[in-house]
Each structure stands twice: as C-alpha cells, then as structure tokens.
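**Student:** Got a predicted structure plus its sequence, pasted below:
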Amino acid sequence: MASFSTRDSKTIFFFFGLRAACLSLCLVGSVAELQRFEHPPKADGSLSFLVVGDWGRRGLYNQSQVALQMGLIGEKAEIDFVISTGDNFYEDGLTGVDDPAFNESFSNIYTAPGLNKQWYNVLGNHDYRGDAEAQLSPVLRTIDKRWLCLRSFIVNAEIVDFFFVDTTPFVDDYFTNPKNHTYDWRGVTPREDYLSNLLKDVDSALKDSSAKWKIVVGHHTIKSAGHHGVTQELVTQLLPILKANNIDFYVNGHDHCLEHISDTHSEINFFTSGGGSKAWRGDIKWWSPEELKLYYDGQGFMSIQMTKASADIAFYDVFGNVLHKWSLSKHLRSATNRTFTYA
C-alpha cells in the first residue's frame, strides 16, 4: 500500500480527516501544489502494476470477466498496485459518497486476492457528470481502503515517478457543447486559472523529478486511432511539456480499446487501456502503420513490469490471452528543457 511522504504534510492531513481543507484537493480558482505519495518498489527494486480504464458498469459488458483475468495476472505478476485511467462509474459518476454504485462497480467486482492492492485513480469525463468530489472524498477510503482518487497527483516509486493529470477540464466541448450533460465543475472554475496552474505544476514536477522513468497518466487520449481520436487540447497544451521533459510513457483511457502508438517525433510511447468493460467493435480510424503497434477493439487491460534498466509491457484480452508484448531498455537521453508560457 502507499505510504505517506514526510515531504508533504498536506498529504498526511488529508488522510486524517481534514475534509474541509482537502475534500476537493484542488482549490477553487487555482491548483494546490500536487499531492505526493510514496509507493516503494519491491526489495529487488522492481515494480509491477496493472492499468485498466472505462470500467464501472456493475459487472456488465464483460467488466466481471476482465476483473477475473486481472486478478489472475495480478497474482501471477505479484503486482504492487493498479492504475485506473478514469470513467470509473457509468454513466454519470457517483451521486455521492453513499452511492451503492461504488460497491456494485468497484468493491464487489475486483475481489480477487491479486487485486487487493492500492488503486490509483483519476477522473474521466463520465465521472465529472456526477458528484466528482465524491470520488475524491476520504469517506470512500473508509469503505474500501484500496481506493485513492485525486484530480492530479504524483506517486514516487523510486525507479519511476507517476504524474496523474486531470485531463477532463482541458476539453472545450464539455464547456461549450455539453450535449444535455451536466458537469460538476466545482474546484475547477475559473477554468483558465485552473489549467494554467495545473500546467505549471506538472511542468515543475517533471523538471524536478530525478527518477529513471517518468510516466504520465490521464483519462483523455493524445494519440489514438479510436472513436474519440486525438484530443487536440492536450496536443496543444500538455504534449509540448511532456516532450520537453522527456517522459517515457503517456497512459490513458477514454477510447474503449487497447492501443500502443509510438511517436516518430519523440521517444514517448502512448498506451490506451480503456477496455475495462464496454468496447466499440470496428470503431477505428486510420493511423500510420509506422506508429501503430497495437489496436484491439475489445475488452482487456495492460500490465507493466519495470526495473531501473527495463520496462516490459503486455496487453491482455478478456480471456487472458496476450495480445501484444513490448519491451524497452532504459538508456540515457540528453535534452535541453524548454521554457513555456502559460496562458
């Protein structure tokens, strides 16, 4: 399980009941300094975890079957934690901390011993359609100790730093063309200030990181051949920061598929793990074969096993079959960090 960082007393206060100060974790009109957590690797220095997204459907659309395979792979790989890439509860998030959907879509589904680990979760656009702050509340942690959901935060795991980024507020359509949906923007407005401060904090945290690996996790796609495709707001605003700070992987959900896309203009690899339940068969857009390493339009999840020197990625379908394997050996890269102006 995660341990508290002595470098950030606010993190400790959060878990010991100062709900009034930390329920939102993002102050209205600005972004507080990113919360930091520590999750040490195994004794041999390795780290193993699963990634799943777009799952919360009370076991339907093969969610339970995906959970079964996650439990089997999780136990075999002796995972340290699970990452959720958002859209945790369909269709419209949670109604509050007492919503039975929390148990029906999470606690009662991911019951395997191999999944009895810390879960690090971000919010997706469907989560923002409900009571978004309910998922951030420490009350849920008293219901299921595995649950940890914040807007944006950092997990330090010695060999790798994870940067979880709240991507939903970047998308213009949710504000200008909500299509009869209501979004919970408490803690986000005024939007321009929120995004400006978030980008500054992410850039600063990436620059300060001395970890061998840097992984950024968000809900929305940056590169995707799936239904939603490219999120242009992230390409314009977030991607230049990721490139300048030499991150290794960007991991997301949002498109209900499994993908691995490389980048011919940088060393970033983009992984979509949005197959936790309902998938979109045959919904694919053309993408350069030079970059598209995997596109699978069904349910499943991914695993990552890491050491200081290497990372091994595998994608699994709903039956536990391996769809795609890929490995990367770590080498030193030199690049000059660029300075950005935040609107």
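**Tutor:** Perfect, thanks for sending it. Computed from a prediction, not measured in an experiment: that's the story for all the values here.
**Student:** which ones are touching Asn156?
**Tutor:** Applying C-beta atoms under 8 Å, 6 or more residues apart in numbering to Asn156 gives the contacts 5, 36-39, 211. The way it works is simple: take the backbone N, C-alpha and C, and place the C-beta from them, glycine included.
**Student:** so Val216 makes contact with Phe163?
**Tutor:** Yes. Using C-beta atoms under 8 Å, Val216 is in contact with Phe163, at 4.7 Å.
**Student:** what's the overlap in contacts for those two?
**Tutor:** 202, 247.
**Student:** for this protein, what's the longest helix?
**Tutor:** helix 191-208 (DSSP state H).
**Student:** Need the CA coordinates for it. CSV is fine.
**Tutor:** Extracted C-alpha coordinates of helix 191-208, given in CSV (Å, rounded to 0.1, in the frame of the first residue of the first chain):
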residue,chain,number,x,y,z
ARG,A,191,-11.2,27.2,-15.8
GLU,A,192,-8.4,29.3,-17.3
ASP,A,193,-6.7,29.7,-13.9
TYR,A,194,-7.1,26.1,-13.1
LEU,A,195,-5.5,24.9,-16.3
SER,A,196,-2.7,27.4,-16.2
ASN,A,197,-1.7,26.4,-12.7
LEU,A,198,-2.1,22.7,-13.4
LEU,A,199,0.3,23.0,-16.4
LYS,A,200,2.8,25.0,-14.4
ASP,A,201,2.7,22.4,-11.6
VAL,A,202,3.1,19.4,-14.0
ASP,A,203,6.0,21.1,-15.8
SER,A,204,7.7,22.0,-12.5
ALA,A,205,7.2,18.5,-11.0
LEU,A,206,8.5,16.8,-14.2
LYS,A,207,11.6,19.1,-14.2
ASP,A,208,12.3,18.3,-10.5
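**Student:** which other helices and strands contact it?
**Tutor:** strand 160-164, helix 239-244 (3 or more C-beta pairs under 8 Å, 6 or more residues apart in numbering; DSSP states H and E).
**Student:** Rounded mean pLDDT for that helix, please.
**Tutor:** Regarding helix 191-208, the rounded mean pLDDT is 98.
**Student:** which of the residues in that helix are buried?
**Tutor:** 194-199, 201-203, 205-206 (16 or more other C-beta atoms under 10 Å).
**Student:** Return the subset of the contacts of Asn156 lying in helices.
**Tutor:** Here DSSP H is the test, and the contacts of Asn156 give no hits in helices at all.
**Student:** so which of those residues comes closest to Pro190?
**Tutor:** Checking the contacts of Asn156 against Pro190 with C-beta to C-beta, the nearest one is Arg36 at 25.6 Å.
**Student:** Columns distance to Thr167 on top of the buried residues of helix 191-208, output as CSV?
**Tutor:** Output for the buried residues of helix 191-208, formatted as CSV (distance: C-beta to C-beta, whole Å):
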residue, distance to Thr167
Tyr194, 12
Leu195, 10
Ser196, 15
Asn197, 15
Leu198, 10
Leu199, 12
Asp201, 14
Val202, 11
Asp203, 15
Ala205, 16
Leu206, 16
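**Student:** that older thread, of the contacts of Asn156, which is the most crowded?
**Tutor:** Within the contacts of Asn156, neighbour counts (other C-beta atoms under 10 Å) peak at Phe37, which reaches 23 neighbours.
**Student:** ok, it to Ile222 distance?
**Tutor:** Remark: distance between Phe37 and Ile222 (C-beta to C-beta, to the nearest Å) = 24 Å.
**Student:** Any regions of this structure where pLDDT drops low?
**Tutor:** Filtered on pLDDT under 70, the chain yields the residue ranges 1-32, 332-343.
**Student:** Nearest residue to Ser64 in space, ignoring adjacent ones along the chain?
**Tutor:** Among residues not flanking Ser64 along the chain, Ile109 sits closest, at 6.0 Å (C-beta to C-beta, 6 or more residues apart in numbering).
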